[in-house]
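# Quick check, what structure comes out for this input:
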Amino acid sequence: MSRPALVNVMASAAEKASRRLLRDFGEVEQLQVSRKGPADFVTMADKRAEKTIFYELSEARPNWGFVMEESGAFDAADGTNARWIVDPLDGTTNFLHGLPHFAISIAAEIHGRLEAAIIYDPVKDEMFWTEKGAGAWVNNKRLRVSGRGDLRESLLATGLPWHGKDGHERANAEVSHFMPRVAGIRRFGAAALDLAYVAAGRFDAFWEHDLKIWDIAAGVLLVREAGGYVSDVEGGDDMLKTGCIIASNNALQADMEKSLRDVKRSLAAQNTASGDDK
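Presented below is the predicted three-dimensional model:
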């Protein structure tokens, strides 16, 4: 299937940015690195990629706004009501440690609705793409979420908080809840690719908390166009605002939501009991 025009715009920008990213990845030890927070780095490679993407997308759609990880938000021209949501390097920590698992993520949002998206893995040369109503694809192959309906046979993916970030108790409780109930859990460190892999049926489900809109916007549309379901932990549709997300297929989504709500209630009860003891 030929890619729609809007997808081609995003794909072209990502491919141009990826050329320098791959060169930088080959010289990762020589990269100039600055600290953005505890164990959360931003590299010059990240900034260069974002600059390239900003230029290419601005050339193609000069009136559109932007939401970008490094540079922040830029409003669209009056009346345009369209913006690009860009993560120029999802999986920065992997990149810095020489792990070949990272991606560029771009979504197109028009009148508040996700309309098209790409997630590009330059190392594997996998271009995951979608436009609303056109299905989900990787390169020229159609994607569908997995058909597994039993958590015991399912491979899950998640993200875990690092040093200096809140949520360790919750993450430990959630992983401990799922471990004896599933075939396996993976933590690959790139939420955009985790969502792309759900769309491709490589993962049966993915959940994570405290993500940013640029981490997940493209993946949300990709999973939905692959026949999957995406929600927040409460089963609602506010994942782009809350940063808490569950993605899976029709058969597993309700189980995932219930499991995470059960863990949440259990933690609340434990904390209440602990407070009473004091």
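
# For the stretch 151-278 of the chain, which residues score under the pLDDT cut-off?
Along the stretch 151-278 of the chain, the parts satisfying pLDDT under 70 run over 276-278.

# ranges for the helices of it?
Secondary structure of the stretch 151-278 of the chain, counting by DSSP state H, counting those that start in this stretch: helices at 168-178, 191-199, 213-225, 239-242, 250-277.

# Show me which of those has the highest average neighbour count.
Burial of the helices of the stretch 151-278 of the chain is given as mean neighbour count (mean count of other C-beta atoms under 10 Å); helix 191-199 ranks first at a mean of 30. (C-beta placed from N, C-alpha, C; glycine too.)

# could you check the angle helix 213-225 makes with it?
Angle, helix 191-199 to helix 213-225, by axes from the mean of the first three to the mean of the last three C-alpha atoms, to 10 degrees: 10 degrees.

# start at 786 instead
OK, 786 is where the count begins now, so the last one is helix 976-984.

# Which elements pack onto helix 976-984?
strand 867-875, strand 888-895, strand 898-906, strand 911-916, strand 940-943, strand 990-993, helix 998-1010, strand 1030-1033 (3 or more C-beta pairs under 8 Å, 6 or more residues apart in numbering; DSSP states H and E).

# how about CSV for these, with distance to A977 added?
Formatted as CSV, the helices and strands packed on helix 976-984 follow (distance: least, C-beta to C-beta, whole Å):
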stretch, distance to A977
strand 867-875, 4
strand 888-895, 4
strand 898-906, 5
strand 911-916, 9
strand 940-943, 12
strand 990-993, 11
helix 998-1010, 5
strand 1030-1033, 12
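
# on that earlier part again, can I get the helices of the stretch 936-1063 of the chain in a markdown table including distance to K909?
A markdown table is the format used below for these (distance: least, C-beta to C-beta, whole Å):
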| stretch | distance to K909 |
| --- | --- |
| helix 953-963 | 27 |
| helix 976-984 | 10 |
| helix 998-1010 | 16 |
| helix 1024-1027 | 26 |
| helix 1035-1062 | 26 |
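
# For H886, find the nearest of those helices.
Nearest to H886 among the helices of the stretch 936-1063 of the chain is helix 976-984 (6.7 Å), distances taken as C-beta to C-beta.

# which residues touch that closest one?
Outside helix 976-984, the residues within contact range by C-beta atoms under 8 Å, 6 or more residues apart in numbering are 872, 875-876, 886-888, 890, 904, 906, 911, 913, 921, 923, 928, 930, 942-944, 973, 988-991, 993, 996, 1000-1001, 1003-1005, 1007-1008, 1010-1011, 1013, 1032-1033.

# start to end distance for stretch 939-949?
End-to-end distance for stretch 939-949, by C-alpha to C-alpha, to the nearest Å: 31 Å.

# what residues does it touch?
822-825, 878, 931, 933, 952-953, 956, 959-960, 963, 967-974, 976, 979, 982-983, 987-996, 1037.

# ok, of those residues, which come out buried?
Buried members of the contacts of stretch 939-949, counted by 16 or more other C-beta atoms under 10 Å: 931, 933, 956, 959, 963, 967, 970, 973-974, 976, 979, 982-983, 987-996, 1037.

# quick one: which of the helices and strands packed on helix 976-984 is nearest W849?
Nearest to W849 among the helices and strands packed on helix 976-984 is strand 867-875 (4.8 Å), distances taken as C-beta to C-beta.

# Distance check, the residue most central in space within the chain against A919.
Closest residue to the average C-alpha location of the chain: A977 at 2.7 Å, with C-alpha atoms, centre = their mean. Distance of A977 to A919, computed by C-beta to C-beta, to the nearest Å: 19 Å.

# repeat for S787
S787 is 10 Å from A919, by C-beta to C-beta.

# what's the answer for D872, then?
As for D872, its distance to A919 is 22 Å (criterion: C-beta to C-beta).

# Between the two, which is the more surrounded one?
Taking other C-beta atoms under 10 Å, D872 and A919 do not tie; D872 has more neighbours (31 against 14).

# Find the nearest non-adjacent residue to D1000, please.
Nearest residue to D1000, sequence neighbours excluded (C-beta to C-beta, 6 or more residues apart in numbering): A976, at 4.5 Å.
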